[in-house]
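Asker: Quick check, what structure comes out for this input:
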Amino acid sequence: MNNNDPDGEWVQGLIGAAIGAAVGVGAVAVQDILSGERSGWQEYAGAAVGGAVTGGLIAEFVPASIAGAAGAAAGNFTEQLANKVSGKQELTGVGPS
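Answerer: Next up, the predicted model:
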């Protein structure tokens, strides 16, 4: 693997990730406004990470179906981890009872 990028092509992935994160957070904010409810920081963190992964991968020409699946997985993992760390949710079905 060649880790040299003299043309700076990684920048498009970074820009895609930033746009994706903004879109993810914006979608949660719009949902909050329309529903009249307020999501916690955990949902916003999950949306930001999921959007960043999706946007970054799409900017690097990864097929949308794969980028979307990876973004959804990353966002879901982030939100669940944030819920666990904050005490909002207990992990169930993991390990012995």
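
Asker: show me where pLDDT drops low in the protein?
Answerer: Regions of the chain meeting the criterion pLDDT under 70 cover residues 1-3, 5, 90-97.

Asker: Can you find which helix in it contains the most residues?
Answerer: Counting by DSSP state H, the longest helix found in the chain is helix 10-35.

Asker: packing partners for it?
Answerer: Applying 3 or more CB pairs under 8 Å, 6 or more residues apart in numbering; DSSP states H and E, we find helix 10-35 packed against helix 41-59. (C-beta placed from N, C-alpha, C; glycine too.)

Asker: which parts of the helix it packs on are buried?
Answerer: Within helix 41-59, the residues scored as buried using 16 or more other CB atoms under 10 Å are 42-59.

Asker: Using CSV, write down the CA coordinates of the helix or strand that comes right after that helix.
Answerer: Of the helices and strands lying after helix 41-59 in sequence (DSSP states H and E), the nearest is helix 64-86. The C-alpha trace of helix 64-86 is given here as CSV (Å, rounded to 0.1, in the frame of the first residue of the first chain):
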residue,chain,number,x,y,z
ALA,A,64,-23.7,4.5,-2.0
SER,A,65,-25.2,1.2,-0.7
ILE,A,66,-21.9,0.3,0.9
ALA,A,67,-21.2,3.8,2.2
GLY,A,68,-24.8,4.0,3.6
ALA,A,69,-24.5,0.6,5.4
ALA,A,70,-21.1,1.6,6.9
GLY,A,71,-22.4,5.0,8.0
ALA,A,72,-25.5,3.4,9.5
ALA,A,73,-23.4,0.9,11.4
ALA,A,74,-21.0,3.6,12.7
GLY,A,75,-23.8,5.9,13.7
ASN,A,76,-25.7,3.2,15.5
PHE,A,77,-22.6,2.0,17.3
THR,A,78,-21.7,5.6,18.3
GLU,A,79,-25.2,6.3,19.6
GLN,A,80,-25.4,3.1,21.6
LEU,A,81,-21.9,3.6,23.1
ALA,A,82,-22.9,7.2,24.0
ASN,A,83,-26.1,6.0,25.6
LYS,A,84,-24.1,3.4,27.6
VAL,A,85,-21.4,5.9,28.7
SER,A,86,-24.1,8.4,29.8
